[in-house]
Structures are given as C-alpha cells and as structure tokens.
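Participant: fold the following, please.
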Amino acid sequence: MDTIKRIRELAKQKQKTIVLPEYDDKRVLEAAKIIEKEGLAKVVVLSKDKIDPKEKERYVEEFFQAHQSRDIDLETAKRLFEDTLYCAAMMTREGKFDGLVAGANHTTPDMARAAIRCIGVDERITIVSSCFIMVVPDCDLGDEGTFIFADCGIIPEPNSRQLACIALAASELAGKVLNLTPRIALLSYSTKGSARTKSAERINEALGMLKEMSPNLLVDGEIQLDAAIVPEVARIKYPASPLGGKANVLIFPNLEAGNIGYKLVQRLAKARAVGPLFLGLNKPTSDLSRGCLVEDIVDCVAVSAIRAR
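Facilitator: The predicted model follows:
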C-alpha cells in the first residue's frame, strides 16, 4: 500500500471532525464530498450562517482581551472575525473541531497569524514552523520515496534553537502520521566541516540542542543532501554517519532552501506534496497552497485527522 493510501486508511479509523472555513471555494466543496464519501473524517464546511452570532461575539471579546496589548483594538478584532477563518480557529481551540484546514483563499501569513493567535503555540515546541510530506514516485530513497521536508513556509532564517525545534516537531509527525522511525538530516552545503562557515556552526549547534531535547533520535548534520539520502554517496563522503545515507526527515537550513527544494522535487520528480502542515500548534492545522488541487485538500484533511489527539 502506498503512502497516500495508508494515510487515508488510518484517517478512516480516527473519525475526527475537521473544519473547512473556505465555504465559497469550489475545490473545498468538492473535497468535502470526497471526504464524506470515503469516510476519511467528519468534515464541516463552515459558512457564516452556521456560526451562532452570540458565540461569534464571545470569540471576538476573548480574542480582543487576549491581544489588545499587541495594538489590536475592538474594531480590528470585529473585522478579523468577519472572516470565517478566525471563528473556525477559535472553535478548534476550544474543542468543537479536532483540526483546521484552510489556505485555498488565504495567504500563509494570514493562516499563520490566525492559527497562532487563536489556536496557540505548543509550549513544548515553542515555535511554529511547517513541513510537507513528500511522496516521490519510483524512488527507493528515504522510505520508499517518502520524506518529510521542513521548514518550507514559516521561518526565514531559523537560529540553532529554532532548527532543533523544527526537527523535533517534524520527527514527531513522521512517527505519528507515517509510522516511520525518523532519520533526521540537518542539511547544509557542507558535510562535517568540509566548509567552515557560520551557517555550518549554526547547524552543528542545532544538532547538539536536538540531542539534548531527545537523546534517542537518529539525527546527524551538518550534512549535504546526497550524503544524507544516497547510501553509496554516504559511504564515500561520510562513512561514519549514523544515517548511512537513509535520511527520511530533511531539515533545510533556511526557508529559501526549503521552499525551493520541495517545489523542485514536486515539479521535476512529479512528487505528491502534502501540506504545508503547520508544526508546533496546540491543534493540527494545515495551510493549503492557493493553487491547491481537490486531492491536496483531501490529503491535508486526512493528515489532520490522524494528528488530532
């Protein structure tokens, strides 16, 4: 069974309730029909008429009270909640829904702000980042062509601690959603000192921090991509690496590399890119691409259902 089929089968077992607030997008409506037909989740397409006005007033007031110190006045809060995204996020926070999937009509900054402000950041992870599940056809690298790529959408220039947190969150998703033993590569253009730069130092610091956070994780860096995922190259360039050229969780040094990397693999290798999946929030949230297909929405709902506690 391929990765996408496994994800959908596992989602069926969970039967979580996922909210889709972009009620006026044809792709979302079509995806909701497929999700219901296949029994992947209980999906709610949240239109404005489904929101209790009194509940909405309460959400606005709670939001205003929580964020007024950040120069958000009451009128701004009311304006934000004209968008069903903010109501959906507040309803997810308080448990009415198990997860949130949106982004077909919202930018990533809009999605990130709504999720962080309403759903909140996991105190254990401390930062919000994003990842993709990449499924590469006819590929024997990674786990039969399956990888996690992070961060591809949120933090432009992560510092050492942020890189470590990104890696930890991505590794946990690999275990929970894909049932994989994570093998994490902190990627660089350098492999273990082949170039001595501040970037390489930052990645090595992240490696030390990650090992302190979770000593049992299988992780290495700084390491070049080919040495991370190709066993034959690993034996030549870095035979001492515990990864052995079999990394399946790839942590990019910055957002440019991550975003370019996933799009190259998606377009040139015809890979399936499931995401962006936000990491580090209190509830599972998926940020769709505005160019997403119906099947992308279906897959993100399935992943969100699996991630839900």
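Participant: how about the strands in this protein?
Facilitator: Secondary structure of the chain (DSSP state E): strands located at 17-20, 42-45, 99-102, 129-135, 146-150, 183-187, 218-223, 249-251, 272-279, 285-287.
Participant: mind putting the ones you listed into a markdown table with mean neighbour count?
Facilitator: From N, CA and C alone the C-beta is placed, and that goes for glycine too. Listed next are those as a markdown table, based on neighbours: other C-beta atoms under 10 Å:
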| stretch | mean neighbour count |
| --- | --- |
| strand 17-20 | 24 |
| strand 42-45 | 19 |
| strand 99-102 | 29 |
| strand 129-135 | 27 |
| strand 146-150 | 28 |
| strand 183-187 | 26 |
| strand 218-223 | 24 |
| strand 249-251 | 31 |
| strand 272-279 | 25 |
| strand 285-287 | 29 |
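Participant: what's the spacing between stretch 83-97 and its chain's center?
Facilitator: 18 Å (C-alpha atoms, centre = their mean, to the nearest Å).
Participant: any low-confidence regions in the stretch 101-250 of the chain?
Facilitator: 194-195 (pLDDT under 70).
Participant: change it to 80
Facilitator: 193-197 (pLDDT under 80).
Participant: check this protein and tell me which residue is nearest its centre.
Facilitator: In the chain, the residue lying closest to the centroid (C-alpha atoms, centre = their mean) is L277, at 2.3 Å.
Participant: hmm, it is touching S130, no?
Facilitator: Yes - at 6.3 Å, L277 and S130 qualify as touching, with contact defined as C-beta atoms under 8 Å.
Participant: for the residue nearest to the centre of the chain, give the beta-bridge partners.
Facilitator: Note on L277: beta-bridge partners C131, S286, judged by DSSP bridges.
Participant: wait, what's in contact with it?
Facilitator: For L277, the contact set (C-beta atoms under 8 Å, 6 or more residues apart in numbering) comprises 130-133, 173, 284-287, 300, 303-304, 307.
Participant: let's see 7 Å
Facilitator: S130, C131, L173, S286, V303 (C-beta atoms under 7 Å, 6 or more residues apart in numbering).
Participant: confidence score at it?
Facilitator: Note for L277: predicted pLDDT of 97.
Participant: tell me how far it lies from C292.
Facilitator: 13 Å (C-beta to C-beta, to the nearest Å).
Participant: what of G103?
Facilitator: According to C-beta to C-beta, G103 stands 7 Å off from C292.
Participant: C139 now?
Facilitator: Applying C-beta to C-beta to C139 and C292 gives a distance of 23 Å.
Participant: with K5 instead?
Facilitator: Counting by C-beta to C-beta, the gap from K5 to C292 is 20 Å.
Participant: repeat that for L243.
Facilitator: Taking C-beta to C-beta, one finds L243 at 32 Å from C292.
Participant: tell me the bridge partners for L20.
Facilitator: Counting by DSSP bridges, L20 is bridged to V45.
Participant: quick check, pLDDT for it.
Facilitator: pLDDT recorded at L20 is 98.
Participant: check the one 10 residues further on too.
Facilitator: The confidence metric pLDDT takes the value 98 at E30.
Participant: nearest to E30 among the contacts of L277?
Facilitator: Ranked by distance to E30 (C-beta to C-beta), the contacts of L277 are led by S286 at 16.8 Å.
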